[in-house]
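>>> coordinates only, sequence not included:
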C-alpha cells in the first residue's frame, strides 16, 4: 500500500533512473508448518482454540483432537461466531488470560510475523483515512518468502539483491527501511543453507543406501559443537539439519532412490560462519563415503551413492560500523518520545531478518514489531500458539512506526507547514541498476 | 509428562508385541517427537531428526545384515527450524517369529538409545520442559 507523498510533483525532484525516493515499512508472513499443504477440497488449516487450563499439546494428534476451532466461509473469511468472539478476547498477560478464560489460538506463523504485519495494514488504512501526506512516498509492504527456501525472496526482490554477486541494486530507490520483525537490531546474522541430495544410481535393497548415507551425515553433524560452544566469547554460531526426506522405493524389493536434507548455519561474522561451514560441509560427502565403504564401494563407482547440491541459501551478514543514520535515529527517538525506549543506545546483538538485505545494500534500517500478543510459544513448530494482547499496546507501537517513518519521509503538517525529509532523495546501493 | 512417555512406551510394546507373534517379516515405523523451534532462537533444543539419524546408525549396528531394509528417513518442516519430528520406516525379515521379535526389540532399543543420545548431547532429561512443552525427544515404534 502506497501512502503517496508530494515530492515527485516538485520541479526540482530528483530520482534514480525514474524512481523517486521512498521509505519502506515492511512486514512478512511466513508459515513453515505444516510441512504439506492441506487438501485442495478443504484448504483451510484448522485453527484450534484451547483453554489455558489444559496443557500445551505434545503431539500433532493432540492438536487435531481439540474440538473447538475457528470457522471460515467459502471465500476464506473468518465467520464471526462464538468461537471467534472467544479468540478475539484480549488480555494483558498469560496470567490474566488463564484467570479470565482466555484461549491459546494454535495458528502457524502467528509470531513470525502474522500479528505484526496485519497491524501494518491497519496502520496504512488509518493513514489513508486521516489523509496523512508525507513528502517522500511511504510504501507499506507485506512480503513472503522470508523463511526457509524463500531465502528472503520478497525482500531481495524489493532491493534487487543478486544472490551470486551478493549485492543489491535498490532499483526502487528506497532511502530508509523499517522492518516489522524484531527490535532495534543493527547487526545481522549471516547464514549459509544447503540442500543436498544423496542418490543411489541403482537402488538395491542390499546395496549402498541413500537413506543410510544421509543418516550417517546427519549423525555426524548432530555431534558438531559450534565456535561459540568451543570457545567462550566467540560469536554465537548455530546450526541444525532442519529437514530431511526420502523418495519411496519403486518396488517392494528395491532400495530408496534418493534422499535429501537441508542444513542451516548462522553467525554474525563471516569468519565464524565460514568456520562452521568448513566443519559441516565435508560431512555430506563423509556420510556418502562411509556408506559406500560399508558396502565395499569406492566413491564414484557403479552403484556407489553420489551427492548433488540442490540449493544454496544466503543471508548476507552485516556488522554496523556506524549507527549514525536516519533509521536508527528515528527508530530510537520515536521510542523515547513514546516512553518505550529509555536510552539512545543500540544493542550489540545480531538478528537474522529481512533487514539483512537493506543493511547489506547500505540502506539504513531499524525494526520494531507491531504485535502485542499476551502470550505465545511454539514458533516454527506444529504447536505454535498465541493469545491476543492489548490493542492499546498495538496502537502505541503503530504510533511509533508512524512517527519514525514520517520523520524520515518528511510530511505536510496540519497547519500547512512542511517538515522536510531527514535524508536525501537518492538511496544507497552496492550495485548499479542496468537498464 | 513422564507418565505420558511411559504410556507411549507401554503402547508401543503392546502394539509391537501383538503384531509380531505370528509373523516372520513386517514393517516398522519409528517416530521421534521433540519440541522443535527456531534454528537460531531456540538453538540448544534437541532435534527429533538428529535423534532419528543417531538411531538409524545404531540400528545398522544392532541388526544382522540381510534382516532389514530401511525404506525411509524423514523429518522437520523447514531448513531453519529445529525438527520437531523424525521418522524411520524399515522392513524386517526373520527366520522365525521369535527371531523377528528380537529384531523388533533391537529396533526399539536403538530408537530409545538414539533419542537418549540426542537428549544427552543437549543436556535434557525426561520431565524437563521448554516453553511448556516436553524438552526431550521421545521415540515410539509401531508396526504398519
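That came through, no problem. A quick note: this is a predicted structure, and the numbers were derived from the prediction, not measured.

>>> residue 40: neighbouring residues, count only.
Since no chain was named, I'll use chain A. Residue A:40: 6 surrounding residues under other C-beta atoms under 10 Å in any protein chain shown. Every residue, glycine included, has its C-beta placed from N, CA and C.

>>> my bad, chain B
By other C-beta under 10 Å, neighbour count at residue B:40 equals 22.

>>> verify the stated contact: it with residue A:237.
No: counting by C-beta atoms under 8 Å, residue B:40 does not reach residue A:237; the two are 9.6 Å apart.

>>> what residues do these two have in common as contacts?
residue A:266 (C-beta atoms under 8 Å, 6 or more residues apart in numbering or on different chains).

>>> low pLDDT regions in the stretch 301-435 of chain A?
Applying pLDDT under 70 to the stretch 301-435 of chain A flags no residue at all.

>>> lowest-confidence helix or strand of chain B?
In chain B, no helix or strand scores lower on mean pLDDT, DSSP states H and E than helix B:2-20, which sits at a mean of 41.

>>> and the next helix or strand past that one?
strand B:25-33 (DSSP states H and E).

>>> hey, where'd the strands end up in chain B?
B:25-33, B:37-38, B:68-75, B:81-82, B:85-93, B:129-130, B:133-134, B:138-143 (DSSP state E).

>>> with mean neighbour count, distance to residue A:173 and mean pLDDT added, can I get the ones you listed in a markdown table?
What follows is the strands of chain B, written out as a markdown table (neighbours: other C-beta atoms under 10 Å in any protein chain shown; distance: least, C-beta to C-beta, whole Å; pLDDT from 0 to 100):
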| stretch | mean neighbour count | distance to residue A:173 | mean pLDDT |
| --- | --- | --- | --- |
| strand B:25-33 | 21 | 49 | 96 |
| strand B:37-38 | 25 | 33 | 92 |
| strand B:68-75 | 23 | 44 | 96 |
| strand B:81-82 | 30 | 35 | 95 |
| strand B:85-93 | 22 | 45 | 97 |
| strand B:129-130 | 16 | 45 | 94 |
| strand B:133-134 | 23 | 46 | 94 |
| strand B:138-143 | 22 | 53 | 97 |
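
>>> save the ones you listed as JSON lines, and put in distance to chain A too.
Conversion of the strands of chain B to JSON lines gives the following (distance: least, C-beta to the nearest C-beta, whole Å):
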{"stretch": "strand B:25-33", "distance to chain A": "6"}
{"stretch": "strand B:37-38", "distance to chain A": "5"}
{"stretch": "strand B:68-75", "distance to chain A": "4"}
{"stretch": "strand B:81-82", "distance to chain A": "4"}
{"stretch": "strand B:85-93", "distance to chain A": "8"}
{"stretch": "strand B:129-130", "distance to chain A": "9"}
{"stretch": "strand B:133-134", "distance to chain A": "5"}
{"stretch": "strand B:138-143", "distance to chain A": "9"}
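
>>> redo those as TSV? Include distance to residue A:185.
Formatted as TSV, these follow (distance: least, C-beta to C-beta, whole Å):
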stretch	distance to residue A:185
strand B:25-33	33
strand B:37-38	15
strand B:68-75	31
strand B:81-82	21
strand B:85-93	31
strand B:129-130	24
strand B:133-134	27
strand B:138-143	35
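
>>> which of the ones you listed sits closest to residue A:249?
strand B:68-75 (5.5 Å; C-beta to C-beta).

>>> name the element whichever residue of the stretch 251-400 of chain A sits closest to chain B belongs to?
Proximity of the stretch 251-400 of chain A to chain B (C-beta to the nearest C-beta) peaks at residue A:381, 3.3 Å away. According to DSSP H and E, residue A:381 maps onto no helix or strand at all.

>>> list the contacts of it.
Residue A:381 neighbours (C-beta under 8 Å, 6+ apart): A:33, B:35-37, B:81, B:84.

>>> may I have the phi/psi pair for it?
phi -130, psi 170 (degrees, to the nearest 10).

>>> and which of the contacts of residue A:381 is nearest residue A:230?
Distances from residue A:230 to the contacts of residue A:381, taken by C-beta to C-beta, are shortest for residue B:37, at 22.3 Å.
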